[in-house]
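**Student:** The amino acid sequence is not available; the structure is as follows:
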């Protein structure tokens, strides 16, 4: 009987300011999904070499594989960005072009995520012919669904792009760089959530909706989740069933202003001791 673990391929993109939060994500993922052979794929440009080495050693210390891919050209230079939406946010849209052709499926995770239960059911999900699987928060933000449908001229849920299961072969066939560039150029002033708006306009109809209470739980709205479920989905239910907590918005749990019902849980993972074989690099301020 083989003891070889199944691979779990994780895509991440972030800048130097999110190195600390990524490490908390990585620790939570490694602890709750140790039955997988986890490999991180990091798409970036101009990340300092010492940080890349730090990230590699850190992930190896967690028992995970690490592969960084440097994008030398600013493929989205000139696209709409803000301080909340750096250029790296666009890389997930063209992940099929940047990742090895041998890779068929990958799970993209934002760095402001905590994984608290196994991801098996999501990772193995049948996409039913779709390119992506993603969650919406329409059940807690019903008004915004209607607004976004009108604003973007769509007729489907408004998907959050912080968690995306990707069929890379389908992406390579159907996600076109020119279409993304054209849309960004033509609707620049209309893009409130730049990459999410682009994704929903072009690829929302190609996305399978998944349950946000399991795979993209927004802690800001815990009271609404609780009331919507008839008080069934309380903190104990979340701890037993929810796999992904996604700390959306400006008030992040690692900031003094970021308190919510799950901040204590986040700080627990943040402060867990590093593996003994990990050598902390100068400049690592993640703790």
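**Tutor:** Noted; the coordinates are in hand. Predicted, not measured: the structure shown is a model, and the values here were computed from it. Residues are numbered from 1 along each chain as shown.

**Student:** Helices of this protein, start to end?
**Tutor:** When secondary structure is read from DSSP state H, the chain shows helices at 19-32, 49-61, 95-98, 120-123, 142-152, 168-174, 177-186, 194-203, 212-215, 222-228, 235-241, 263-271.

**Student:** Check those helices for me: which has the lowest mean pLDDT.
**Tutor:** Ranked by mean pLDDT, those end with helix 142-152 in last place, scoring a mean of 59.

**Student:** distance of residue 117 from residue 243?
**Tutor:** Applying Cβ to Cβ, to the nearest Å, one obtains 4 Å for the distance of residue 117 from residue 243. In this view, the C-beta of every residue, glycine as well, is placed from N, C-alpha and C.

**Student:** and for those two, which residues touch both?
**Tutor:** With Cβ atoms under 8 Å, 6 or more residues apart in numbering applied, the overlap between the contact sets of residue 117 and residue 243 consists of residue 32.

**Student:** So for those two, which residue has more residues nearby?
**Tutor:** The neighbour comparison of residue 117 against residue 243 (other Cβ atoms under 10 Å) goes to residue 243, with 21 against 18.

**Student:** which residues touch that one?
**Tutor:** Applying Cβ under 8 Å, 6+ apart, one finds that residue 243 lies in contact with 32, 115-119, 121-122, 214-215.

**Student:** With respect to residue 88, which of the helices of the chain lies nearest?
**Tutor:** Between residue 88 and the helices of the chain, the tightest spacing by Cβ to Cβ is seen for helix 194-203, at 9.8 Å.

**Student:** Now do the contacts for the closest residue to residue 253 other than its chain neighbours.
**Tutor:** Nearest residue to residue 253, sequence neighbours excluded (Cβ to Cβ, 6 or more residues apart in numbering): residue 266, at 3.8 Å. For residue 266, the contacting residues are 24, 114, 245, 247, 253-254, by Cβ under 8 Å, 6+ apart.

**Student:** Next step: those restricted to strands.
**Tutor:** Among these, DSSP state E puts 114, 245 in strands.

**Student:** Which pair in the contacts of residue 266 has the greatest spatial separation?
**Tutor:** Looking at the contacts of residue 266 by Cβ to Cβ, the two members farthest from one another are 245 and 254, with 13.2 Å of separation.

**Student:** Of those two, which one has the most company?
**Tutor:** With other Cβ under 10 Å as the criterion, residue 245 and residue 254 differ in neighbour count, and residue 245 comes out ahead with 24 against 16.

**Student:** Residue 31 versus the more buried one, what's the distance?
**Tutor:** With distances taken as Cβ to Cβ, residue 245 is found 14 Å from residue 31.

**Student:** Could you do residue 61 as well?
**Tutor:** The gap separating residue 61 from residue 31 is 13 Å, by Cβ to Cβ.

**Student:** The two: who's more crowded?
**Tutor:** Neighbour count, other Cβ under 10 Å: between residue 61 and residue 31, residue 61 has more, with 17 against 13.

**Student:** surely that one meets residue 274?
**Tutor:** Yes - using Cβ atoms under 8 Å, residue 61 is in contact with residue 274, at 6.6 Å.

**Student:** residue contacts, the most centrally placed residue in the chain?
**Tutor:** Computing the C-alpha centroid of the chain and ranking residues by Cα atoms, centre = their mean puts residue 109 first, at 2.0 Å. By Cβ under 8 Å, 6+ apart, the residues touching residue 109 are 10-12, 25, 29, 115, 162-163, 244.

**Student:** ok, now residue 207?
**Tutor:** Applying Cβ under 8 Å, 6+ apart, the residues near residue 207 are 130-134, 156, 159.

**Student:** which residue sits closest to it in space, ignoring its chain neighbours?
**Tutor:** Nearest residue to residue 207, sequence neighbours excluded (Cβ to Cβ, 6+ apart): residue 132, at 4.3 Å.

**Student:** count of residues packed around residue 66?
**Tutor:** 18.
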